[in-house]
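[1] Provided below are the primary sequence and the corresponding predicted coordinates.
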Amino acid sequence: MLKQRLITACVLLAIVVAAVMAPGPWPMLVLLAAMAGCAGWEWLRLIPLRDSGATWLALLLLILLLALSVGLPDARPAPGVPADWAAALHQANWTRLFDRLVLPLAALFWVIFAPRILWRGELGVFWQGARPIFLGGLVLLATWYALAWLFIRHGASALISLWALVWAADSVAYFAGRLWGRHKLAPRISPGKTREGALAGILAAVLWLFATAVWWPDSYGALLQQRLGWGGLLPAGLVLAVWSILGDLFESLLKRRAGVKDSSQLLPGHGGVYDRIDAVLPVAPLAVLLLSAG
């Protein structure tokens, strides 16, 4: 199992490095679209939706994201895509829809509704009908746009440093919980998570934000410090760290309801794509809104 995990991690790292080092934005935009499409397929299977329906809806999401990528500022049309199509998307200025509606609505879900669901420890009537499908589309569109926006506007350093903030919070919370965890954080949702681990993860995320603001000029932390100042960096870091934990717990609730350990087996040894980015879903929209607030 360890060998399989290492091989998968090395392959994923190579893909990310190749996308970062590419001369144009398209490899990273395609990677972000594929990531959101795979996570969407896993989200739909956790509802649960039949595999055929989940596959078709996830494919439509992927096609939509690739098409929208053409119209991102400074993004060039993909090979074979007519230049006038890209120009039409630019003229439509659809990005305002994401800035003013999709990102705030996704943030509203994570800030208000998701905590209430987690407090009750059950999805209840909120998770009936077409609502989970709509919410999946909303949060994944918002996550994709936030990450793509960050990459296009501020470069790979901002994107990677934000990912690293989430990974730092998650990794430190895991190891600290194993070493010092005594009190359960949410026993009905995820019995393995502890309050001590969560506090250590929050501290790690805040320290990462401050450290990168000092020594990594193009990082997300540096950009946020320029917008909010040093005084605003601490509450912003706390918010991002807490909501990374919330995203993790929300997926744990979905998996518990579906009766599965992993969202899928797309990543051998690591579970599914959603398993790897569950904490990114609430963090990415909030991160962009914070960056735009200064």
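    Perfect, thanks for sending it.
[2] quick one: distance of the host helix or strand of residue 285 to the chain centre.
    Using DSSP states H and E, residue 285 maps to helix 280-291. How far helix 280-291 lies from its chain's middle: 8 Å, per C-alpha atoms, centre = their mean, to the nearest Å.
[3] and if you look at stretch 175-183?
    Its chain's C-alpha centre and that of stretch 175-183 lie 25 Å apart, by C-alpha atoms, centre = their mean.
[4] which strands and helices lie in contact with the longest strand seen in the chain?
    Secondary structure of the chain per DSSP state E: the longest strand is strand 190-194. Strand 190-194 is packed against helix 156-180, strand 184-186, helix 220-258, with contacts defined by 3 or more C-beta pairs under 8 Å, 6 or more residues apart in numbering; DSSP states H and E. In this view, the C-beta of every residue, glycine as well, is placed from N, C-alpha and C.
[5] okay, the ones you listed in CSV with distance to residue 71 and mean pLDDT next?
    Shown next, in CSV, are the helices and strands packed on strand 190-194 (distance: least, C-beta to C-beta, whole Å; pLDDT from 0 to 100):
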stretch, distance to residue 71, mean pLDDT
helix 156-180, 19, 92
strand 184-186, 40, 92
helix 220-258, 24, 93
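[6] so which of these comes closest to residue 109?
    Closest to residue 109 of these, according to C-beta to C-beta: helix 220-258, at 9.9 Å.
[7] next secondary structure element downstream of that closest one?
    helix 273-277.
[8] run through the neighbouring helices and strands of that next one.
    If contacts are counted by 3+ C-beta pairs under 8 Å, 6+ apart, helix 273-277 sits against helix 26-46.
[9] list the buried residues for the helix it packs on?
    Within helix 26-46, the residues that qualify as buried are 26-33, 35-46, counting by 16 or more other C-beta atoms under 10 Å.
[10] cool, and stretch 212-231?
    212-213, 216, 219-225, 228.
[11] contacting residues around that stretch?
    Contact with stretch 212-231 is made by 150, 154-155, 157-159, 161-162, 164-165, 208-211, 232-233, 236, 287, 290-291, 293-294, as judged by C-beta atoms under 8 Å, 6 or more residues apart in numbering.
[12] not counting sequence-adjacent ones, nearest residue to residue 256?
    residue 189 (6.5 Å; C-beta to C-beta, 6 or more residues apart in numbering).
[13] whoops, I mixed them up, residue 113
    For residue 113, ignoring the flanking residues on the chain, the nearest one in space by C-beta to C-beta, 6+ apart is residue 126 at 7.3 Å.
[14] so the one you found touches residue 117, yeah?
    Yes: with contact defined as C-beta atoms under 8 Å, residue 126 counts as touching residue 117 (6.3 Å).
[15] and the two? Which one has more around it.
    residue 117 (19 against 14; other C-beta atoms under 10 Å).
[16] where's the more buried one, which helix or strand?
    Here residue 117 is assigned to helix 114-120, by DSSP H and E.
[17] circling back to that earlier point, quick check: angle from the helix holding residue 285 to helix 156-180?
    Using axes from the mean of the first three to the mean of the last three C-alpha atoms, to 10 degrees, the inter-axis angle of helix 280-291 relative to helix 156-180 is 130 degrees.
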